[in-house]
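Participant: quick one: sequence and predicted model below, then my questions.
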Amino acid sequence: MTSPLISVLYVSEAVQEFDVPALKELAQFASSKNEEFGITGYLYFEKRRFLQYIEGPKEHIDQLVTNIAGDERHKILHQVGEPEVANRRFPTWSMQYLTKTSLIEIKMQDVIFDYMRFIGREDPGYQSSTETLVWNMVEKLSENHQRMVF
């Protein structure tokens with residue numbers, strides 16, 4: 001029996017400096033490992049914050065989430081997941097490193113950065129609508145990802 005597909009999205013804050021070469025190296029390493037385990041998704045970084053979306057077989061995503069949580073280079077601020085995903089949203093992205101330029105092309109830069117900026121605030125009204133915002137953001141990016149140029 002094959003494991004169901006699940007997805008996880010998290011925002012974390014870097015506790016060390018990351019420059020562009022280090023980010024590209026991280027994305028390339030993640031891409032090669034993800035390909036091996038049937039995981040797809042993307043990584044975005046801005047102003048010391050990561051946003052990563054991953055999807056794949058439950059047992060592999062669960063292990064990856066454990067590994068990510070144990071990575072001392074960052075601290076997870078917020079994480080949400082879907083217990084079952086019918087279809088992959090990003091089937092060709094083993095770990096696409098998104099840049100601000102690529103997000104500007106599809107007018108997503110403000111949506112993603114606003115989400116990253118507000119995570120961790122104590123405003124209960126914002127927190128209660130966070131999950132809806134997250135999945136709307138992921139769906140919009142999924143609908144437009146083929147137009148992106150890297």
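Facilitator: Arrived safely, thanks for sending.
Participant: and the strands in the protein?
Facilitator: For the chain, the strands defined by DSSP state E cover 5-14, 40-46, 49-57, 74-82, 96-98.
Participant: now these as CSV including mean neighbour count, distance to residue 140 and mean pLDDT?
Facilitator: No exception for glycine: its C-beta is placed from N, CA and C like everyone else's. Below are the strands of the chain laid out as CSV (neighbours: other CB atoms under 10 Å; distance: least, CB to CB, whole Å; pLDDT from 0 to 100):
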stretch, mean neighbour count, distance to residue 140, mean pLDDT
strand 5-14, 20, 13, 94
strand 40-46, 22, 13, 92
strand 49-57, 22, 12, 95
strand 74-82, 16, 16, 91
strand 96-98, 22, 13, 89
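Participant: quick one: the ones you listed as JSON lines, columns for distance to residue 33 too.
Facilitator: Shown next, in JSON lines, are those (distance: least, CB to CB, whole Å):
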{"stretch": "strand 5-14", "distance to residue 33": "15"}
{"stretch": "strand 40-46", "distance to residue 33": "12"}
{"stretch": "strand 49-57", "distance to residue 33": "11"}
{"stretch": "strand 74-82", "distance to residue 33": "17"}
{"stretch": "strand 96-98", "distance to residue 33": "14"}
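Participant: the longest helix in this protein is where?
Facilitator: The helix that spans the most residues within the chain, counting by DSSP state H, is helix 20-37.
Participant: quick check: angle from that one to strand 40-46?
Facilitator: Angle of helix 20-37 versus strand 40-46, following axes from the mean of the first three to the mean of the last three CA atoms, to 10 degrees, is 160 degrees.
Participant: geometrically speaking, which residue is the centre of the chain?
Facilitator: Residue closest to the average C-alpha location in the chain (CA atoms, centre = their mean): residue 52, at 1.7 Å.
Participant: circling back: and the contacts of the longest helix of the chain?
Facilitator: Contact with helix 20-37 is made by 18, 39-41, 43, 45, 54, 56-57, 60, 64, 94-97, as judged by CB atoms under 8 Å, 6 or more residues apart in numbering.
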